[in-house]
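Peer 1: Sequence first, then the predicted structure, then my questions.
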Amino acid sequence: METPFTAQAQGAKSTQGYRLQRKRMETYPTRGYRPRRQRTRTYPHGDTVLGASALGHIPQGDTVLGASALGHIRTGIPSSALAHSDISARGYRPRRWRTRTYNRGMPRFAANLSFLFTERLFLERFAAARAAGFAAVEFHFPYEHDAAALAEVVLTSGLDVVVFNLPAGDWAAGDRGIACLPQRVAEFQDGVGLAIDYAHKLGCGRLNCLAGIVPAGLDADKVQQTLIENLRFAAGATRHAGIELVLEPLNTRDNPGFAVATTRAGLALIEAVGDDMLRLQYDIYHAQVMEGDLAHTLETHLPRIGHIQLADNPGRHEPGSGEINFPFLLQHLDRIGYTGWVGCEYKPRGRSEDSFGWLESWR
């Protein structure tokens, strides 16, 4: 989930001191009213969730507690992970419950605030997304903002935060993740701790890992082994925190030298890591650039896909501006049973508010 905006640069806030080995892991209540009691619910498709909607595994017509109501509810986590997870509210006060009803039979769209509404300051984009009719948002990097202040903005907006990236190095200097870099393992681990802390405070149940660009001359086997070890570390840490980890392939036309560029490469890494809390973030734009065959790939690998994003090609603009048949593809997601969020990670050709015409038939 790379961003063209230097305002989202990663150097704004140091991750020093967040190494997970030094952090005390605590058990927090999931509601705040009954300490150390985890409220869960099992749905027919086999996932156990904590009564909210951040990851979207909600059957048709179910009314659930909105993650934005308390700012700390973990949802959509596979039941196999709950036995190993401490779910953290990170000190949030109990607040009035907000309920929201979702229907399973249609895609649900999250506004990507690193691409949309960019004529506004970042903290103002949440209200803009809400006013445009979105129920959820995603973004690239929250770390230049105070977590508590950002949590208040999220709470006030009534939006769910569905995914953001682990710290990815110095974006303005050309970094696109650091997970593949052997000399930056300590920085990567510190970043995982920082991201988990923000996720807890923002009520976000998913974090995305960007592998990074492979430096010229670096041994390929060393890169692969570093990636596997870092992903294994991050998956274990996020599992313990009750958060899903996803890995996103990026196309090498826009990101020359990126370490994980195709669905096949991403799935091979996930298999090598061997942790069911690690899944794929499938970006339709990147996949179209690198491999095409979108409908078949989505259907074949749906159980291993944790999140989907969209933009048209060429240009990475809104659906309907390029070659991808989005009416077919979004209906296809319905047919194959995808119930998660679809992130709108595109560059609008004009004002963001003028780019949502394609959404009308899905509301």
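Peer 2: On my side now, so go ahead.

Peer 1: would you list every one of the strands in the chain?
Peer 2: Ranges of strands within the chain are 41-42, 48-49, 62-65, 99-102, 108-112, 136-138, 160-165, 206-209, 244-247, 278-283, 305-310, 341-344, based on DSSP state E.

Peer 1: So which of those is the most surrounded?
Peer 2: Stretch with highest mean neighbour count among those: strand 160-165 (a mean of 28; mean count of other CB atoms under 10 Å). For every residue, glycine as well, the C-beta is placed using N, CA and C.

Peer 1: Using PDB, list the CA coordinates for it.
Peer 2: Presented in PDB, the C-alpha positions along strand 160-165 are these (Å, rounded to 0.1, in the frame of the first residue of the first chain):
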ATOM      1  CA  ASP A 160     -13.800   1.600  11.400                       C
ATOM      2  CA  VAL A 161     -10.100   1.500  10.600                       C
ATOM      3  CA  VAL A 162      -9.600  -1.700   8.700                       C
ATOM      4  CA  VAL A 163      -5.800  -1.800   7.800                       C
ATOM      5  CA  PHE A 164      -2.600   0.300   7.800                       C
ATOM      6  CA  ASN A 165       1.000  -0.500   7.200                       C
END
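
Peer 1: what's that strand packed up against?
Peer 2: The helices and strands touching strand 160-165, judged by 3 or more CB pairs under 8 Å, 6 or more residues apart in numbering; DSSP states H and E, are helix 67-70, strand 108-112, strand 136-138, helix 185-202, strand 206-209, strand 341-344.

Peer 1: go with 6 Å
Peer 2: Packing partners of strand 160-165 (3 or more CB pairs under 6 Å, 6 or more residues apart in numbering; DSSP states H and E): strand 136-138, strand 206-209.

Peer 1: what about the first one, average pLDDT?
Peer 2: The one in question is strand 136-138. What strand 136-138 shows for mean pLDDT is 98.

Peer 1: Give me the sheet partners of that strand and which way each runs.
Peer 2: Strand 136-138 sits in its sheet next to strand 108-112 (parallel), strand 160-165 (parallel), going by DSSP bridges.

Peer 1: that older thread, can I get the strands of the chain in TSV with distance to residue 151?
Peer 2: Shown next, in TSV, are the strands of the chain (distance: least, CB to CB, whole Å):
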stretch	distance to residue 151
strand 41-42	25
strand 48-49	21
strand 62-65	17
strand 99-102	19
strand 108-112	18
strand 136-138	13
strand 160-165	9
strand 206-209	16
strand 244-247	20
strand 278-283	23
strand 305-310	21
strand 341-344	20
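
Peer 1: out of those strands, which comes closest to residue 318?
Peer 2: For the strands of the chain, proximity to residue 318 was assessed by CB to CB; strand 341-344 is nearest, at 7.9 Å.

Peer 1: Could you check the pLDDT of the spatially most central residue of the chain?
Peer 2: Centroid-nearest residue in the chain: residue 163, 2.4 Å away (criterion: CA atoms, centre = their mean). Note on residue 163: pLDDT of 98.

Peer 1: pLDDT below threshold where in this protein?
Peer 2: 1-106 (pLDDT under 70).

Peer 1: quick one, longest helix in it?
Peer 2: Using DSSP state H to define each element, the chain has its longest helix at helix 220-241.

Peer 1: Could you measure from the residue of the chain positioned farthest from its centre over to residue 263?
Peer 2: Relative to the C-alpha centroid of the chain, counting by CA atoms, centre = their mean, residue 217 is the outermost residue, at 31.4 Å. Per CB to CB, to the nearest Å, residue 217 is found 27 Å from residue 263.
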